[in-house]
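In: After the sequence you'll find the predicted model.
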Amino acid sequence: MLTFNSRYTAIIPAAGIGRRMQSDIPKQYLTIAGKTLLEHCVNVFLCHPLIDHVVVVVHPNDAEAARLLSKDVHVITGGAQRADSVLAGVQYAQETLRSEWVLVHDAARPGINMALIDNLIATVKGTEGGILALPAVDTVKGASRKTQCATDDSDAVPTTIDKTLNRETIWLAQTPQMFKTAALQQALEYALSKKLQITDEASAMELMGVEVCLVEGTAENFKVTKPADLALAGFYISQKNNLKGANACE
Ligand SMILES: Nc1ccn([C@@H]2O[C@H](COP(=O)(O)OP(=O)(O)OP(=O)(O)O)[C@@H](O)[C@H]2O)c(=O)n1
Ligand SMILES: C[C@](O)(CO)[C@H](O)COP(=O)(O)O
């Protein structure tokens, strides 16, 4: 029987290069209100009373995180894909920190806040795991190609996903994604061993037959991905700073 030394560990995958952001530096080091996206994320988890450890997973060539972040933060090396980086964090949480649960949160989502973490933990801790997600508010289309207008290929005609699934059943996954450490390690190792392309932790858990809970997130918790996203993230952070006042923890 595995004994746990801690209950909840936050894993922040931050080993990406931010290709779609088209910036000179990896997007997690872009700054808003004087702090990097990474610091905005890490600070919220460091402040949260239930989070026992924060593990940041960085690119092998990244010397910035260790310089930038509090000595309380565990900084480890990630891998080629997001799933590889997350697995490195989960293995560390399992083998070194002996943590019962992990909450995996993208360093590119600086709009996370204490209330979202509170709600996720309170809702998910009695289940096999869950994630923050946003119910779709637009009609969702699926298409076999990226082109907006398919003129030369009839099979690229978009289909309206709503026809088969009504809009209430379409959710857009966010993070944190919260699972039992051992179960997530097993699921990720399985998915990666089968060379399956998985883009979030829930996908790996679903392969193991787990019914993943969906907990409603917020628009503020969106992922900074493309150049125009930085200004929007800046707006949300300035709103949060105006609200939190002197409370450094938020
Ligand atoms: N090998 C990787 C790839 C991504 N990530 C992290 O996973 C999060 C979400 O991934 P994404 O938004 O795709 O970031 P990038 O991979 O950096 O972006 P891009 O796909 O545009 O290169 C980010 O915090 C990113 O740093 C990671 O830890 N390890
Ligand atoms: C994990 C995630 O943020 C959930 O929406 C998303 O899958 C990350 O995808 P990316 O291509 O690594 O940004």
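Out: That came through, no problem. Numbers count the residues shown, from 1 in each chain. Ligands and ions are numbered 1, 2, ... in the order given.

In: quick one: stretch 37-53 to chain centroid distance?
Out: How far stretch 37-53 lies from its chain's middle: 13 Å, per C-alpha atoms, centre = their mean, to the nearest Å.

In: could I get that stretch in CSV with only the CA atoms?
Out: Provided in CSV are the C-alpha atoms of stretch 37-53 (Å, rounded to 0.1, in the frame of the first residue of the first chain):
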residue,chain,number,x,y,z
LEU,A,37,2.8,34.1,-17.7
LEU,A,38,4.6,31.4,-15.8
GLU,A,39,4.9,33.5,-12.6
HIS,A,40,1.2,34.4,-12.8
CYS,A,41,0.3,30.7,-12.8
VAL,A,42,2.9,29.5,-10.3
ASN,A,43,2.0,32.3,-7.8
VAL,A,44,-1.7,31.3,-7.6
PHE,A,45,-0.8,27.6,-6.9
LEU,A,46,1.9,28.6,-4.3
CYS,A,47,-0.7,30.7,-2.6
HIS,A,48,-3.4,28.0,-2.5
PRO,A,49,-3.7,26.5,1.0
LEU,A,50,-4.4,23.0,-0.3
ILE,A,51,-1.5,22.8,-2.8
ASP,A,52,1.4,21.1,-1.1
HIS,A,53,3.9,21.3,-4.0
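
In: Report whether it contacts ligand 1.
Out: No. Stretch 37-53 stays clear of ligand 1 (C-beta under 6 Å from any ligand atom), getting no nearer than 8.1 Å. Any C-beta I mention is one placed from the backbone N, CA and C, and that applies to glycine too.

In: Dihedrals phi and psi, A233?
Out: Note on A233: its backbone torsions stand at phi -60, psi -40 [degrees, to the nearest 10].

In: And it, how far from A219?
Out: Plainly put, A233 is 11 Å away from A219 if you go by C-beta to C-beta, to the nearest Å.

In: Tell me which of these two has more neighbours.
Out: More crowded of A233 and A219, by other C-beta atoms under 10 Å: A233, with 22 against 11.

In: how about the closest residue to that one other than its chain neighbours, secondary structure?
Out: Spatial nearest neighbour of A233, chain neighbours left out: V224 (5.2 Å); criterion: C-beta to C-beta, 6 or more residues apart in numbering. Three-state call for V224 (DSSP: H, G, I helix; E, B strand; the rest coil): coil.

In: how about V224, what does it touch?
Out: The contact partners of V224, taken as C-beta atoms under 8 Å, 6 or more residues apart in numbering, are M21, K27, L30, L37, A108, R109, P110, L230, A233.

In: pLDDT score assigned to the last one?
Out: What that stands for is A233. Each residue has a pLDDT score; the one for A233 is 98.

In: worst-scoring helix or strand of this protein, pLDDT-wise?
Out: Least confident helix or strand, the chain: strand 159-160 with a mean of 74, by mean pLDDT, DSSP states H and E.

In: same for that strand, what does it pack against?
Out: Applying 3 or more C-beta pairs under 8 Å, 6 or more residues apart in numbering; DSSP states H and E, we find strand 159-160 packed against strand 141-142.

In: Mind doing that once more with 6 Å?
Out: Applying 3 or more C-beta pairs under 6 Å, 6 or more residues apart in numbering; DSSP states H and E, we find strand 159-160 packed against no helix or strand.
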